[in-house]
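here are the coordinates; sequence isn't available:
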């Protein structure tokens, strides 16, 4: 049995221990990152329901359509598999069988509120009688929040791929191109540099007034001299994501734009410098926000300082005010302060950071200052 197979068994064992020490009898998961994390199994969300049920002391139970059965042959760990055919009238029978095997009827079952669809929920609810379904986000976050060395290596690779893709795209950027065209060129480069085919998010390319919207969607607006250009992008490597933002000047820009770019760069640096084992997540947000507030632009920093990275683009830990979480080695997150001047333009600088025992490591190292593109 290779180390990767051992890894899934170790993760399932950790989950079983967490469930045994909680109010939950079982955990029910849709296809998605948590299921992949625990089993290595990839399924598409489709019109046919797919559910995995984990109970302490028993092998995982999987409910899948017959056409997916080949995916679960030869697994290195035990698995109870229940398959169903194409007749939807008979699907509930399969869920009933799985519910009896897992003993979930009348029990408390953990779910992921942001993942479990109504389709699967209705079958689970009908099959499990008067079971209570409650959020198990805390348990899943605790399982996934500290990355091991193989996960950090994948995150590092995702950052390298993303940075190479941008470096290959920048020489092609010029006034007259639309945001959508730049985003498409960057997407092609992400694939050419080796990204997994599915991204955790599509590139954000925003220019001029659009750059004042942190989550702008690339439009047909043409790049013009004097614009700020914000590019927020990431690659996927071995199922793990990067998330980077850099801001550029198209020719000579307004003096205030240059000033806020310098302030955001200083904010990013201040936050990165204090990252270490033992501090609270909110302290990083405070460090970044203090620089911007003291410069008089606090009202224009309109989002948290960062979010966790892993198999998802947004996961724990969240770098925000009020988050008392103590940072530990292996936690990975973004630091992305920004200043957004409504109707005019904005600046954001985002890096991917790993907490280490003696400090931190930035997985991203592209220049952070405002760079002028010809």
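That came through, no problem. Computed from a prediction, not measured in an experiment: that's the story for all the values here.

and the gap between residue 102 and residue 121?
16 Å (Cβ to Cβ, to the nearest Å). For glycine as for every other residue, the C-beta is placed from the backbone atoms N, C-alpha and C.

swap that for residue 262, sorry
Counting by Cβ to Cβ - residue 262 and residue 121 are separated by 50 Å.

Tell me the buried residues in the helix or strand of the chain with the lowest mean pLDDT?
Lowest mean confidence among the helices and strands of the chain (mean pLDDT, DSSP states H and E): helix 3-20, at a mean of 89. For helix 3-20, the neighbour count (16 or more other Cβ atoms under 10 Å) marks 8, 11, 12, 15, 16, 18, 19 as buried.

same deal with stretch 122-142?
Neighbour-count burial for stretch 122-142, counted by 16+ other Cβ under 10 Å, picks out 123, 124, 127, 128, 131, 133, 136, 137, 139, 140.

Please work out which residues outside that stretch touch it.
Residues from elsewhere that reach stretch 122-142, judged by Cβ atoms under 8 Å, 6 or more residues apart in numbering: 15, 18-19, 22-24, 27-28, 34, 49, 51, 91-92, 95-96, 98-99, 104-114, 121, 315-316.

Just the buried ones from those?
Looks like those have 15, 18-19, 24, 27-28, 34, 49, 51, 91, 95-96, 98-99, 104, 107, 109-112, 121, 315-316 buried, using 16+ other Cβ under 10 Å.

Which of those residues fall within strands?
27, 28, 51, 109, 110, 111, 315, 316 (DSSP state E).

Of these, which is the nearest to residue 290?
Nearest to residue 290 among these, counting by Cβ to Cβ, is residue 316 at 23.7 Å.

What is the nearest of the ones in strands among the buried ones among the contacts of stretch 122-142 to residue 287?
Closest to residue 287, out of all of those and judged by Cβ to Cβ, is residue 316, at 19.6 Å.

Quick check: closest non-adjacent residue to the closest one.
Spatial nearest neighbour of residue 316, chain neighbours left out: residue 141 (4.3 Å); criterion: Cβ to Cβ, 6 or more residues apart in numbering.

Would you mind measuring from the spatially most central residue of the chain to residue 208?
Centroid-nearest residue in the chain: residue 313, 1.8 Å away (criterion: Cα atoms, centre = their mean). Counting by Cβ to Cβ, the gap from residue 313 to residue 208 is 25 Å.
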